[in-house]
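**Student:** mind looking at a prediction? Sequence and model below.
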Amino acid sequence: MNEAMAASWRAVVRPDDEIIVVGDFAHRADPAALRNLFDSLPGRKHLVAGNHDGEATKSLGWESIRDVAYETIESTKCVICHYRWASWPASRKPTTLMLYGHHHGKMPGNQQSADIGVDVMGIAPVRLATIKAYMARLPPRVDPEHGVIENNGVTP
């Protein structure tokens with residue numbers, strides 16, 4: 001994370017906001033600078049660990065650290081992982097979303113599964129409504145076993 005990203009974070013996040021970081025928080029950062037950066041960012045911060053989140057990142061004082069987060073956000077069930085999954089619990093339900101990072105915008109998403117990393121969504125944290133509006137413009141999901149999943153529930 002660079003200073004422009006940190007400034008964007010501070011501009012949109014309030015102290016009581018819940019923030020879920022989808023991995024790779026600050027790759028190759030100096031540990032002291034990393035601590036200062038983390039402490040300067042508002043919000044209750046949760047980490048879904050990525051492949052570049054080493055011990056220095058994991059020891060920062062996150063509210064939680066998980067490999068996978070199963071969350072209901074604004075009445076939407078979300079499976080959140082650093083990595084994209086082809087199938088996930090309740091993936092046949094069109095209102096259950098798979099949100100991931102890792103691929104830096106190079107892995108095509110769909111109306112039910114999308115890369116929400118900074119390479120795709122911009123450098124500031126975004127609300128689920130913004131993610132859903134983005135996903136609504138993507139093609140429908142084709143389930144490996146059951147074909148196209150209709151009525152995806154991601155319309156803004």
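**Tutor:** Arrived safely, thanks for sending. Numbers count the residues shown, from 1 in each chain.

**Student:** so what's the residue count around the nearest residue to Trp85 once chain neighbours are set aside?
**Tutor:** Spatial nearest neighbour of Trp85, chain neighbours left out: Met98 (5.7 Å); criterion: CB to CB, 6 or more residues apart in numbering. All C-beta spots, glycine's among them, are computed from the backbone N, C-alpha and C. When neighbours are counted by other CB atoms under 10 Å, Met98 registers 22.

**Student:** likewise for Met121?
**Tutor:** Residues near Met121, counting by other CB under 10 Å, number 18.

**Student:** now the one 5 residues further on
**Tutor:** Summarising burial for Val126: neighbours were counted as other CB under 10 Å, giving 15.

**Student:** and the gap between it and Gly147?
**Tutor:** Separation of Val126 from Gly147 (CB to CB, to the nearest Å) stands at 30 Å.

**Student:** again, but for Ala29
**Tutor:** 44 Å.

**Student:** helices of this structure, residue ranges please.
**Tutor:** 3-12, 31-40, 55-58, 118-121, 128-136 (DSSP state H).

**Student:** what about Ala29 and Gly147, which has more around it?
**Tutor:** Using other CB under 10 Å as the criterion, Ala29 and Gly147 rank with Ala29 on top: 19 against 10.
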